[in-house]
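A.B. asks: Let's see this in three dimensions:
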Amino acid sequence: MASSPFSPLLLLPLVILATVAIGSSSDEPKEKMTHLHFYFYDYYGGPNATTITVVSPPGNSSFGSIAVGDNILREGPESSSKLIGRAQELAVQAGQESTAYLSALNFVFTAGEYNGSGFSIFGRAVLTETMERGIVGGTGKFRMARGYTLSKLIRSTGTTELELVMEYDAYIYHY
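C.D. replies: Have a look, this model is predicted:
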């Protein structure tokens, strides 16, 4: 049997060079942390509703009800402050003993530095408490986002046409 002129040892320098080039690339994106502070406006009932109940359970309990929303994001707590985006929401009342929701929100920014970018959160929401929910992903400038949000109800007005305003702080780690 004739021996081959090719030796696997000839590939060793190429493998080492490729490993060094991949492991020490200066072009790799660096992780950043962005802190955003904004206000979330949610309207129930009336002609300007941004959230509606799409599933109502039978009986007198609201356990199991499902709502969807296309809510408003603003720079400030005043309803006249600058519109900066929308928050598409899916919420399920998951608490039998308290009004606790399992919520998924997608924040989409339509103005300013983050126009066209967004991030998604998921977690438990109780309107009477400070809510902490995890950031589970993002797009645009928030690609591969992770982190958390803190939110609290700062204003609730009306009875049949309800306005809820929540203050949000988002701590977003992204590339």
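A.B. asks: For the rest of this, base every contact and every neighbour count on C-alpha atoms.
C.D. replies: Will do.
A.B. asks: so what's the most centrally placed residue in the chain closest to, chain neighbours aside?
C.D. replies: By CA atoms, centre = their mean, the chain has its centre lying nearest to Ser120, at 2.1 Å. Of all residues not flanking Ser120 in the chain, Asn106 sits nearest, at 4.3 Å (CA to CA, 6 or more residues apart in numbering).
A.B. asks: and the nearest residue to Leu105 once chain neighbours are set aside, what is it in contact with?
C.D. replies: Leaving aside its sequence neighbours, Leu105 sits nearest to Glu89 (CA to CA, 6+ apart; 4.4 Å). Taking CA atoms under 8 Å, 6 or more residues apart in numbering as the criterion, Glu89 is in contact with 67-71, 103-106.
A.B. asks: gap between Glu89 and Gly59?
C.D. replies: To Gly59, Glu89 is 25 Å away according to CA to CA, to the nearest Å.
A.B. asks: Can you list the low-confidence ranges for this protein?
C.D. replies: 1-26 (pLDDT under 70).
A.B. asks: which stretches of it form strands?
C.D. replies: Taking DSSP state E as the criterion, the chain carries its strands at 32-44, 51-55, 66-74, 83-93, 101-109, 118-125, 131-139, 146-157, 162-174.
A.B. asks: picking that back up, my guess is the residue nearest to the centre of the chain contacts Gly138, does it?
C.D. replies: Yes - if you go by CA atoms under 8 Å, Ser120 and Gly138 touch, sitting 6.0 Å apart.
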